[in-house]
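Q: only the shape, not the letters, is given here:
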């Protein structure tokens, strides 16, 4: 339903509760049944079940949802030890699911020089200078998060970094994770000179003399970063601890780790053994595109060694291309400012098909990074080849990011059973889009940027994630952008490609039951229904009753995982 302003509003709760009464009646217990451990009552409970039902109360027993319905019906679940949360109209949702995120590496970055969100070159320089001064004993100065639009052509120079860190090697990852900024000492240690050729699937940016300018794209970054001292196991564990703390605060109860090395897997295993893994995790094992199908037996071994209550390593991650801003994304037509250059995918179509077919035959869920429309098409072609070779199965391959999709490929997601995993926070005209993307694509192709609405209308499975630490982990910011196609802090102004907006129920489903489906968890979690595990979040206001421009300022008051309180805002008392 919509108000005259076009904003979604919640239908009268009494009407919905009455309509759903027959369904919920079957879940009501007799008075003789055991009491629940928790009863949340007096709220706006949006279940995200198939009917998108509303309720007033939820009862939780033994980590599962025992009841969803009216406040009066919940009284049957009260006992002397039941903890009662009186919601006073606050909103209850299923816990959020982040379908593409990097918790361990992102948490590690929080311990380095953090440049995320710094919007001026002067402030970037100040932050690096201060970090280096505060860490005189560090052998290398490392960090991440510098924003590409801050620098001309997204190309900071080694001379600029030399002036900030003259006494040690320094390298800093860009916010998008696809470029590295290195000073002269770091380049010298790596042996990168004017004679060094670009490595496969990478590019060394060069100055007018042909010397390395200081910025390394894609796989070229490894020329330097492989010389940086590796994090210890304790540091990785601390990074994961930081990330999980952030996830709990944002109401995230399940996630898909987007790029898992053995070291990253070890951090998750250690956290679960210690009882500190406060999220359900599907790990996507890192795939070496150069090795092809020969690596599949090793991936199977790693997968089968990790299968526990909250951790599975059942997915395999393929990087199909890079990013548009540095012209490493694979496009169907050339970049406007580089005639003849349309980007080079990380593997050719035949190799992609062979790799996907081998992974699919081994039972992996394939998880692909694809930004450009050519990379998206190659992924879909590879999935189609795997299905043709191996026969149909419930494979649920995922394509993440999807910045550019050719309209001809939109219907293929549903037909092939592919999960479209967007990062909705990117779907507005920020400086990346205005200054680095549209000028390279032109107005015609730019109408195809982040086509969330088109994919949703096609009936394809829709999931959502953050790609943190590339951008904010907060689902509420991304939800607002998906609905408005404007920045989180923009209260007015034109929407970016308004036809690609989605409504609030659609994006809430993507962040809950849709992403649970992407993780093969929709029978256990993702909606608030009797019998499912009690993963839920309490918000300080009802998202359906506020202007869309206020969604990002909504606060998470309570996060529960399997009926356990894992985060509570100090303002929520019961």
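A: Thanks, I have the structure now. Predicted, not measured: the structure shown is a model, and the values here were computed from it.

Q: quick one: contacts for residue 514?
A: Contact analysis of residue 514 by C-beta atoms under 8 Å, 6 or more residues apart in numbering lists 97, 99, 419, 461-464, 526. For every residue, glycine as well, the C-beta is placed using N, CA and C.

Q: got the contact list for residue 412?
A: 380, 384, 418.

Q: gap between the second one and residue 352?
A: Here the distance between residue 384 and residue 352 works out to 11 Å (C-beta to C-beta, to the nearest Å).

Q: from the chain's centre, how far out does the one helix or strand residue 439 maps to sit?
A: Per DSSP states H and E, residue 439 falls inside helix 438-446. Mean-position distance between helix 438-446 and its chain equals 25 Å (C-alpha atoms, centre = their mean, to the nearest Å).

Q: residue 224 against residue 186, yeah?
A: Yes - Residue 224 lies in contact with residue 186 (C-beta atoms under 8 Å); the separation is 5.1 Å.

Q: what do these two both touch?
A: The overlap between the contact sets of residue 224 and residue 186 (C-beta under 8 Å, 6+ apart) consists of residue 171.

Q: would you work out how far apart the start and end of stretch 216-234 are?
A: 29 Å (C-alpha to C-alpha, to the nearest Å).

Q: now do the end-to-end distance for stretch 312-331.
A: 33 Å.

Q: ah, wrong one, I meant stretch 432-439
A: Using C-alpha to C-alpha, first and last residues of stretch 432-439 are 10 Å apart.

Q: do me a favour and average the pLDDT over that stretch.
A: Here stretch 432-439 scores 96 as its mean pLDDT.

Q: for that stretch, list every residue counted as buried.
A: 432-433, 436-438 (16 or more other C-beta atoms under 10 Å).

Q: and for stretch 188-206?
A: Within stretch 188-206, the residues that count as buried by 16+ other C-beta under 10 Å are 189-190, 192, 198, 201-206.

Q: what's the helix or strand harbouring residue 284 packed up against?
A: Using DSSP H and E, residue 284 sits within strand 280-286. Contacting strand 280-286 under the criterion 3 or more C-beta pairs under 8 Å, 6 or more residues apart in numbering; DSSP states H and E are the following elements: strand 252-260, helix 262-273, helix 296-304, strand 311-319.

Q: what residues does the longest one touch?
A: Counting by C-beta under 8 Å, 6+ apart, the neighbours of helix 262-273 from elsewhere in the structure are 104-105, 230-231, 233, 236-237, 239-241, 244, 257, 260, 277, 281, 283, 285, 302, 306, 308-311, 313.

Q: buried subset of the residues you listed as a ChimeraX selection?
A: To isolate the buried members of these in ChimeraX, using 16+ other C-beta under 10 Å:
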select :104,105,231,236,237,239,240,241,244,257,260,277,281,283,285,302,306,310,311,313
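
Q: what ranges do the strands span in the stretch 351-500 of the chain?
A: Along the stretch 351-500 of the chain, counting by DSSP state E, counting those that start in this stretch, strands occupy 365-370, 398-401, 419-422, 462-464.

Q: picking that back up, and the angle from the strand holding residue 284 to strand 252-260?
A: On the basis of axes from the mean of the first three to the mean of the last three C-alpha atoms, to 10 degrees, strand 280-286 is oriented at 10 degrees to strand 252-260.

Q: how much distance is there from strand 280-286 to the middle of the chain?
A: Distance of strand 280-286 from its chain centroid, counting by C-alpha atoms, centre = their mean, is 12 Å.

Q: change the start of the numbering to 418 and stick with it
A: OK, 418 is where the count begins now, so the last one is strand 697-703.

Q: what average pLDDT does it get?
A: In this model, strand 697-703 carries a mean pLDDT of 98.

Q: other residues contacting that strand?
A: For strand 697-703, contacts defined as C-beta under 8 Å, 6+ apart pick out 670-678, 681-682, 685, 716, 719-720, 723, 727-734, 781-782, 784, 936-938, 942, 952, 978.

Q: quick check: end-to-end length of stretch 938-949?
A: Stretch 938-949: ends 10 Å apart by C-alpha to C-alpha.

Q: likewise stretch 753-771?
A: End-to-end distance for stretch 753-771: 32 Å, by C-alpha to C-alpha.

Q: what comes into contact with it?
A: Counting by C-beta under 8 Å, 6+ apart, 618, 706, 709-710, 735-739, 744-752, 772, 789, 791-792, 795-796, 798-799, 802-803, 856-859 sit against stretch 753-771.

Q: out of those, list just those in helices.
A: 772, 791-792, 795-796, 798-799, 802-803, 856-859 (DSSP state H).

Q: of the residues you listed, buried ones?
A: With burial judged by 16+ other C-beta under 10 Å, the buried subset of the ones in helices among the contacts of stretch 753-771 is 772, 791-792, 795-796, 798-799, 802-803, 857-858.

Q: can you tell me which of those comes closest to residue 503?
A: Within those, the smallest distance to residue 503 is 48.4 Å, found for residue 796 (C-beta to C-beta).

Q: which residue packs closest to the closest one, ignoring adjacent ones?
A: For residue 796, ignoring the flanking residues on the chain, the nearest one in space by C-beta to C-beta, 6 or more residues apart in numbering is residue 785 at 4.5 Å.

Q: residue contacts, the one you found?
A: 734-737, 792, 796, 814-817.

Q: and the gap between it and residue 924?
A: Distance, residue 785 to residue 924, using C-beta to C-beta: 22 Å.

Q: so residue 925 touches residue 960, yeah?
A: Yes - contact criterion C-beta under 8 Å: residue 925 and residue 960 qualify, at 7.5 Å.
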